[in-house]
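Q: Sequence below, structure please.
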Amino acid sequence: MDRNTITGLVLIFLIFIGFSVFNSSRMNKLYEKAVVIAESDYNKGNLETARTEYIEALRYKQNQPDVLAKINEINLKLGNVPEKQKSDSTGLPQTNPASPVVSSTVKTTDINQYGVFAQAAIGENEFITLENNKVELKISLKGGRVYSARLKDYKTFDAKPLILFSGDSTVFGFNFFTSDNKAVQTNNLFFKPVSETKSYVVRSAAESVILRLSAGEDKYIEYKYTLAPDKYTVDFNVTFKSMEGIIASNQNSLTLDWKMYMPQQEKGRQNEETYSTINYKYYQDEVTGLGTRQSKENVKSDVATKLSWISFQDQFFSSIIISNDFFLNASVSSTKTITSKRYLRYYTTEVGIPFGAGSSNSVNMRLFYGPNSIPILKKEKIQLEKVVFLGKNIIGWINRFVIIPIFNWLNHFISNFGIIILILTIIIKVVLFPLTFKSYQSQAKMQVLKPMVEELGKKFPKKEDAMKKQQATMDLYKRAGVNPMGGCLPMLLQMPILFAMFRFFPVSIELRQEHFLWATDLSTYDSILHLPFMIPMYGDHVSLFTLLMTASTLLTMKMTGSSPGSDQPGMKMMMYMMPIMFMLILNNFSAGLTYYYFLANMITYGQNMLSKRFINAGDVLATLEVNKKKPMKKSKWQQRLEDAAKQRGINPPKR
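A: Residues are numbered from 1 along each chain as shown. Predicted coordinates for the structure are as follows:
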């Protein structure tokens, strides 16, 4: 690396640091300005405006306790949060399941709006627990919905219980109109349990929780939750008993309203946000969704056709609603949370549920609350495993039929995932080596010819002689039996593998919270140093695996830097800048990914060194001398070059 390159890299690093300091100062000023405006409005009694300004302040500096306390105080004064409920940092209501409270957000004066369901508008909220060895569900009598879902085999990154969702910030219920035009939302009404049992523990046989929303004598809506042993899936059956004359007779569908705040579960928020999305499967057709790596704050999709299932998911876990038949349609949206570090996104969907006239109608569904593990999801046999995005076309094919089978096979014998990644990398490189050996040889031969190429540079120093220099160089390679493009073949062969790994490691739940060397979790970034400031693109920490990956890339590129054109200053700068850019980007990515790239680079370096041992410089030069005495047949490409040169008035170099 020459002095100009080093100077350029140092300047770029200083620019990043300078921008970080400038941006931090700017954010502080904007934060202080927003707080001053908010306090002024608060003192004047303009609570709504003050709340808006306080939220605006959190956009510049998140999780400020004083500001969060002010927002909660304003929420209480405005009546946005019931007095008897707690609140988190976003002002979202959070009832403690362990301490049931007396209802209800429905005012007495509003009871009549529910018509025949008016008696269910008031009640005492209690919770029923339904659990097996995999999942624990708390079912709320208010709304009859699953209030929280805890996965027993998993913990959050800070060793807390892993709860997919919890609290009154979630919505799950049917919306419809009665025959007398009353708007009903079952999420706000109180169900009554058929049994007095408050806790169900599933051991050898399935257990069911049955709740009913009364609309009169022998008229009700029934929710039945059935959980079997060793399952993450809950059967959810809804029965509408004697609803004729209550639900409008011309209504052939109901709306299932499902909303959820997705909490952060992993250390690497950026990585988790990248892979958090909504997916859905068209009925008897493909799986699609809103896509990962969404930069927009709000993404929405209206689906007018039938669906089989809809998933709300983060990087490693999903909540999925599945129809045993089909959903008529759906509208889904994903909104990025701005004011809270606790949540990643706010998911919503309104699902069309078929509903027919008659004395009794049933809707049979399933609810999946579990990990994004391909073997577990495949058991459902409805393509749920497609929520794990492994890439499209050849990238997805390589992951599904090559990488994952090898990975799982190795996992049968080896428990250390760092060792598994090492062996996986060796297997891939060994399989590719026979295909790339001649290309490595071509690079070694080009190293032998490098002094002669440099002599040609001295022979044709002028810019207007560039065409002559290029033709002479190509002629030299041809006479020596070297393919100058052969060095590109290893890269082309490895690119699909590299992209497949880029998709595989960040979504592989098997790597989650697995330790290796200094990395405490191979599914997220490793950190050997926490920075007191944020560097744009890079982050606020130093990943050692990323540094090793970058250093090994530069080492490998320096060895193979004799390719045509690589001696030009612009090309040299580009060669060295690309690894630096990847270092900035991948610093926040999975440690398993950067560890793999490091291993691949080092094995590539070793293969290069091994290939060079099979090249005898004397043989290459002897071949060149013999071919100099023979007339060389021009290739079509060379003939085109010479024809183009003649048209410009440039004579080709003499042989």
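
Q: Leaving out sequence neighbours, find the closest residue to residue 274.
A: The spatially closest residue to residue 274, leaving aside those adjacent along the chain, is residue 293, at 5.2 Å (Cβ to Cβ, 6 or more residues apart in numbering). For the C-beta atoms, the positions are set from N, CA and C on the backbone; glycine is no exception.

Q: residue nearest the centroid of this protein?
A: Among the residues of the chain, residue 275 comes closest to the average C-alpha position under Cα atoms, centre = their mean, at 1.3 Å.

Q: Return the residues in contact with it.
A: For residue 275, the set of contacting residues under the criterion of Cβ atoms under 8 Å, 6 or more residues apart in numbering consists of 292, 313-315, 389, 506-507.

Q: What about those residues, which one has the most neighbours?
A: Each of the contacts of residue 275 was scored for neighbours by other Cβ atoms under 10 Å, and residue 315 scores highest at 26 neighbours.

Q: Which pLDDT value goes with that residue?
A: Looking at residue 315, its pLDDT stands at 90.

Q: Check residue 294 too.
A: On the pLDDT scale, residue 294 is placed at 66.

Q: Also residue 63?
A: Residue-level pLDDT assigned to residue 63 equals 59.

Q: What of residue 377?
A: 93.

Q: May I see the buried residues of the helix or strand hosting it?
A: Secondary-structure element containing residue 377, defined by DSSP states H and E: helix 374-378. Burial within helix 374-378, assessed by neighbour count using 16 or more other Cβ atoms under 10 Å, is assigned to 374, 376-377.

Q: how about whichever helix or strand comes after it: buried residues?
A: On the C-terminal side of helix 374-378, the nearest following helix or strand under DSSP H and E is helix 393-398. Burial within helix 393-398, assessed by neighbour count using 16+ other Cβ under 10 Å, is assigned to 395, 398.

Q: gap between residue 432 and residue 73?
A: Remark: distance between residue 432 and residue 73 (Cβ to Cβ, to the nearest Å) = 63 Å.

Q: can you pull the pLDDT of residue 174?
A: Reading off the confidence values, residue 174 has pLDDT 92.

Q: ugh, wrong one, I meant residue 18
A: Residue 18 is assigned 64 on the pLDDT scale.

Q: Touching stretch 235-252 from outside, list them.
A: Applying Cβ under 8 Å, 6+ apart, the external contacts of stretch 235-252 come out as 116, 174, 176-179, 181, 215-216, 218-227, 254, 354-367.

Q: So what's the gap between that stretch and the chain middle?
A: Relative to the chain's own centre, stretch 235-252 is displaced by 39 Å; criterion: Cα atoms, centre = their mean, to the nearest Å.

Q: First-to-last residue distance for it?
A: With Cα to Cα, to the nearest Å applied, stretch 235-252 spans 23 Å between its terminal residues.

Q: Show me where the stretch 101-250 of the chain dips below the pLDDT cut-off.
A: The stretch 101-250 of the chain contains residues with pLDDT under 70 at 101-112.

Q: go again using 80 as the cut-off
A: Under the criterion pLDDT under 80, the flagged ranges of the stretch 101-250 of the chain are 101-115, 167-169, 180-182, 248-250.

Q: re the thing from before, okay if I get the contacts of residue 275 as TSV plus distance to residue 148 and secondary structure?
A: Formatted as TSV, the contacts of residue 275 follow (distance: Cβ to Cβ, whole Å; DSSP: H, G, I helix; E, B strand; the rest coil):
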residue	distance to residue 148	secondary structure
292	26	coil
313	17	strand
314	16	coil
315	20	coil
389	27	coil
506	27	helix
507	25	helix
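
Q: Mind putting these into a markdown table with distance to residue 599?
A: Supplementary listing: the contacts of residue 275 in a markdown table, determined by distance: Cβ to Cβ, whole Å:
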| residue | distance to residue 599 |
| --- | --- |
| 292 | 26 |
| 313 | 30 |
| 314 | 28 |
| 315 | 23 |
| 389 | 24 |
| 506 | 17 |
| 507 | 20 |
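
Q: quick check, nearest of those to residue 46?
A: Out of the contacts of residue 275, the one with the shortest distance to residue 46 is residue 314. That distance is 37.2 Å, counting by Cβ to Cβ.

Q: residue contacts, the spatially closest residue to the residue nearest to the centre of the chain that is not a sequence neighbour?
A: Closest residue to residue 275 apart from its sequence neighbours, by Cβ to Cβ, 6+ apart: residue 315 at 4.3 Å. Contacts for residue 315 (Cβ under 8 Å, 6+ apart) come out as 265-266, 271-272, 274-276, 372, 506-507, 523.

Q: ok, now residue 362?
A: Residues near residue 362 by Cβ under 8 Å, 6+ apart: 237-240.

Q: Listing partners with orientation, what would you give for the helix or strand encompassing it?
A: According to DSSP H and E, residue 362 maps onto strand 360-371. For strand 360-371, the paired strands and their directions (DSSP bridges) read strand 233-241 (antiparallel), strand 317-327 (antiparallel).

Q: most packed of the ones you listed?
A: Highest mean neighbour count among those (mean count of other Cβ atoms under 10 Å): strand 317-327, with a mean of 21.

Q: that older thread, which ones among the contacts of stretch 235-252 are found in helices?
A: With helices taken from DSSP state H, there is no overlap with the contacts of stretch 235-252.

Q: which SSE is residue 281 in?
A: Assignment of secondary structure by DSSP H and E places residue 281 within strand 277-282.

Q: How about residue 608?
A: For residue 608, the secondary-structure element it belongs to, assigned by DSSP H and E, is helix 591-612.

Q: Can I get that helix in PDB, CA atoms only?
A: The C-alpha trace of helix 591-612 is given here as PDB (Å, rounded to 0.1, in the frame of the first residue of the first chain):
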ATOM      1  CA  ALA A 591     -20.200 -12.500  13.600                       C
ATOM      2  CA  GLY A 592     -20.700 -15.800  11.900                       C
ATOM      3  CA  LEU A 593     -20.800 -14.100   8.600                       C
ATOM      4  CA  THR A 594     -17.600 -12.100   9.000                       C
ATOM      5  CA  TYR A 595     -15.900 -15.100  10.600                       C
ATOM      6  CA  TYR A 596     -16.800 -17.200   7.500                       C
ATOM      7  CA  TYR A 597     -15.500 -14.400   5.100                       C
ATOM      8  CA  PHE A 598     -12.200 -14.300   7.100                       C
ATOM      9  CA  LEU A 599     -11.800 -18.100   6.900                       C
ATOM     10  CA  ALA A 600     -12.600 -18.100   3.200                       C
ATOM     11  CA  ASN A 601     -10.000 -15.400   2.500                       C
ATOM     12  CA  MET A 602      -7.300 -17.200   4.400                       C
ATOM     13  CA  ILE A 603      -8.000 -20.500   2.700                       C
ATOM     14  CA  THR A 604      -8.000 -18.700  -0.700                       C
ATOM     15  CA  TYR A 605      -4.600 -17.300   0.300                       C
ATOM     16  CA  GLY A 606      -3.300 -20.700   1.100                       C
ATOM     17  CA  GLN A 607      -4.600 -22.200  -2.200                       C
ATOM     18  CA  ASN A 608      -2.900 -19.400  -4.100                       C
ATOM     19  CA  MET A 609       0.400 -20.100  -2.400                       C
ATOM     20  CA  LEU A 610       0.000 -23.900  -3.100                       C
ATOM     21  CA  SER A 611      -0.800 -23.200  -6.800                       C
ATOM     22  CA  LYS A 612       2.300 -21.100  -7.200                       C
END
